[in-house]
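Asker: Can you look at this prediction? I've put the sequence above it.
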Amino acid sequence: MHAALMVHEPETAGRWRTQQVWIGGDNAGPHGAAFVAPHHSRLPTAIDDLLGFIRRDDIPALAHTALSHAQFETIHPFVDGNGRTGRALMHAMLRSKGVTELAAVPIAAGLLSRVDDYFAALTAYRDGDPAPIVREVAEATFTALGNARLLVEDIHLIRARWESAIRARRGSTPWRLIDIALRQPVFDATTAAEALGIADSNAVRAINVLVEAGVLTEFTGMRRNRLWQAREVLDALDDFARRAGKRAQGA
């Protein structure tokens, strides 16, 4: 997981740290740091213990995920990239437990939208109180799931509008292209042709039908290398991202 996320840092990607690390303070040393991670010599034992905890199946899913995430962040096993790896771990655990199924919900965005509360919860965990981090992860999860449901509803409404606007036989190439536009709202003729298994010229004809229906717009203004976008889908995704960043303000 870390190796995939840190592919741009090949010297450290996927490798346990071999040096002391800390958060806060300065680069000269851990004096004044907000948190000092365990010495690197203790990593093998700490990781084995964490993996044993992750494999347990007798703990409620959200609490199990939150505690595993907090312990991973406490171990801080890598020189860099611990935060993104720890958040990816949360998503992987929720997927494996069936809390999420078809896609990852933006739980991390919810946590980081109130970063002070999140770090305070991690500090409380390290001081022996697990309740705050469990609460933070649970709230972020439920908020993210609600946000994802709103996105699904938006996409269903968009599709219904498109279907009522298209003047083509149901099941024809333009109708098939709707599915492509919902999955990939920006594309060129070659991408559409390959996805549909047709020639580029036939893809352009189908694209033109969707342009006439108001489903797609061409936004480059060029005669060659043209690109089309499904603006309604992009707007829905922008709304989804904005809601994820706000996360229950005032809660």
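Answerer: Right, received. Where do you want to start?
Asker: drop to CA atoms for contacts and neighbour counts, all remaining ones
Answerer: Noted.
Asker: So, low pLDDT: which residues of the stretch 1-150 of the chain?
Answerer: Applying pLDDT under 70 to the stretch 1-150 of the chain flags the ranges 28, 102-105.
Asker: For it, which segments count as helices?
Answerer: Counting by DSSP state H, counting those that start in this stretch, the stretch 1-150 of the chain has helices at residues 2-5, 43-54, 61-75, 82-96, 107-113, 115-126, 131-165.
Asker: Including distance to Val186 and mean neighbour count, could those helices go into a markdown table?
Answerer: Formatted as a markdown table, these follow (distance: least, Cα to Cα, whole Å; neighbours: other Cα atoms under 10 Å):
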| stretch | distance to Val186 | mean neighbour count |
| --- | --- | --- |
| helix 2-5 | 25 | 15 |
| helix 43-54 | 39 | 14 |
| helix 61-75 | 35 | 21 |
| helix 82-96 | 26 | 19 |
| helix 107-113 | 24 | 21 |
| helix 115-126 | 33 | 17 |
| helix 131-165 | 15 | 17 |
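Asker: residues in contact with the nearest residue to Ala13 once chain neighbours are set aside?
Answerer: The shortest distance from Ala13 to any non-neighbouring residue, by Cα to Cα, 6 or more residues apart in numbering, is to Ala3 (4.4 Å). Counting by Cα atoms under 8 Å, 6 or more residues apart in numbering, Ala3 makes contact with Pro10, Ala13, Gly14, Arg15.
Asker: Out of those residues, which comes closest to Asp57?
Answerer: Distance to Asp57 across these (Cα to Cα) is lowest for Gly14, with 26.6 Å.
Asker: Pretty sure the closest one sits against Pro77.
Answerer: No: if you go by Cα atoms under 8 Å, Gly14 and Pro77 don't touch, sitting 9.9 Å apart.
Asker: Compare the two (neighbour count), which wins?
Answerer: Pro77 (27 against 18; other Cα atoms under 10 Å).
Asker: quick one: that one and Ile158, what's the gap?
Answerer: 44 Å (Cα to Cα, to the nearest Å).
Asker: Please apply the same query to Glu212.
Answerer: Relative to Ile158, Glu212 is positioned 16 Å away (Cα to Cα).
Asker: Only C-alpha atoms, please: export stretch 36-55 in PDB.
Answerer: Listed next in PDB are the C-alpha coordinates belonging to stretch 36-55 (Å, rounded to 0.1, in the frame of the first residue of the first chain):
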ATOM      1  CA  VAL A  36       7.800  11.200  19.100                       C
ATOM      2  CA  ALA A  37       7.300   7.800  17.300                       C
ATOM      3  CA  PRO A  38       8.600   4.500  18.700                       C
ATOM      4  CA  HIS A  39      12.300   3.800  18.000                       C
ATOM      5  CA  HIS A  40      12.700   2.100  14.700                       C
ATOM      6  CA  SER A  41      14.200  -1.000  16.300                       C
ATOM      7  CA  ARG A  42      10.700  -1.700  17.800                       C
ATOM      8  CA  LEU A  43       8.900  -1.600  14.400                       C
ATOM      9  CA  PRO A  44       8.800  -5.300  13.600                       C
ATOM     10  CA  THR A  45       7.200  -6.200  16.900                       C
ATOM     11  CA  ALA A  46       4.800  -3.200  16.700                       C
ATOM     12  CA  ILE A  47       3.700  -4.000  13.200                       C
ATOM     13  CA  ASP A  48       3.200  -7.700  14.000                       C
ATOM     14  CA  ASP A  49       1.000  -6.700  17.000                       C
ATOM     15  CA  LEU A  50      -1.000  -4.300  14.800                       C
ATOM     16  CA  LEU A  51      -1.600  -6.900  12.100                       C
ATOM     17  CA  GLY A  52      -2.800  -9.300  14.700                       C
ATOM     18  CA  PHE A  53      -5.300  -6.700  15.900                       C
ATOM     19  CA  ILE A  54      -6.400  -5.900  12.400                       C
ATOM     20  CA  ARG A  55      -7.200  -9.600  11.800                       C
END
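Asker: Perfect, that will be all.
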